[in-house]
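Student: model this:
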Amino acid sequence: MNKFTAYIRDSYKELLHKVTWPNWEQLQQSTMIVLGTTLIITLIVMLMDFVSNNGMKLIYSLFN
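Tutor: Below you'll find the predicted structure:
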């Protein structure tokens, strides 16, 4: 139990004094980058799904 208490205490000290937290502007900028990237990747996956779905329909229609 003593090691666990020391771990919690050291973790708290590290979070309080050694970690560099972003300011509000940096946090907003990072959030917008993540959201924009997520939207772009989502659109790419949707396009790939659309193309593969229509390609499979075409292939199936050739053998039907």
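Student: How confident was the prediction at residue 22?
Tutor: Looking at residue 22, its pLDDT stands at 94.
Student: which SS class is it?
Tutor: Put simply, residue 22 is coil when judged by DSSP: H, G, I helix; E, B strand; the rest coil.
Student: if you skip the residues just before and after it, what's nearest to it?
Tutor: If the residues on either side of it in the chain are set aside, residue 22 comes closest to residue 30, at 6.8 Å by C-beta to C-beta, 6 or more residues apart in numbering. Yep, even glycine has a C-beta here, placed from its N, CA and C like the rest.
Student: The one you found sits in which helix or strand?
Tutor: helix 24-62 (DSSP states H and E).
Student: now that helix, how far from the chain's geometric center?
Tutor: 13 Å (C-alpha atoms, centre = their mean, to the nearest Å).
Student: Could you pull out the buried residues of it?
Tutor: Judged by neighbour count (16 or more other C-beta atoms under 10 Å), helix 24-62 contains no buried residues.
Student: Let's see the pLDDT reported for the residue nearest to residue 22.
Tutor: With respect to pLDDT, residue 30 has a value of 97.
Student: Next one: it relative to residue 8, how far apart?
Tutor: 28 Å (C-beta to C-beta, to the nearest Å).
Student: Equivalent analysis for residue 2, please.
Tutor: 11 Å.
Student: Show me which of those two is the more surrounded one.
Tutor: Between residue 2 and residue 8, counted using other C-beta atoms under 10 Å, residue 8 has the larger neighbour count: 10 against 6.
Student: correct me, but the residue nearest to residue 22 touches residue 23?
Tutor: No: the criterion here is C-beta atoms under 8 Å, and residue 30 misses it with residue 23 at 10.9 Å.
Student: Mutual contacts of those two, please.
Tutor: Residues touching both residue 30 and residue 23 do not exist when contact is defined as C-beta atoms under 8 Å, 6 or more residues apart in numbering.
Student: Pick out the least confidently modelled helix or strand of the protein, by mean pLDDT.
Tutor: helix 2-17 (a mean of 94; mean pLDDT, DSSP states H and E).
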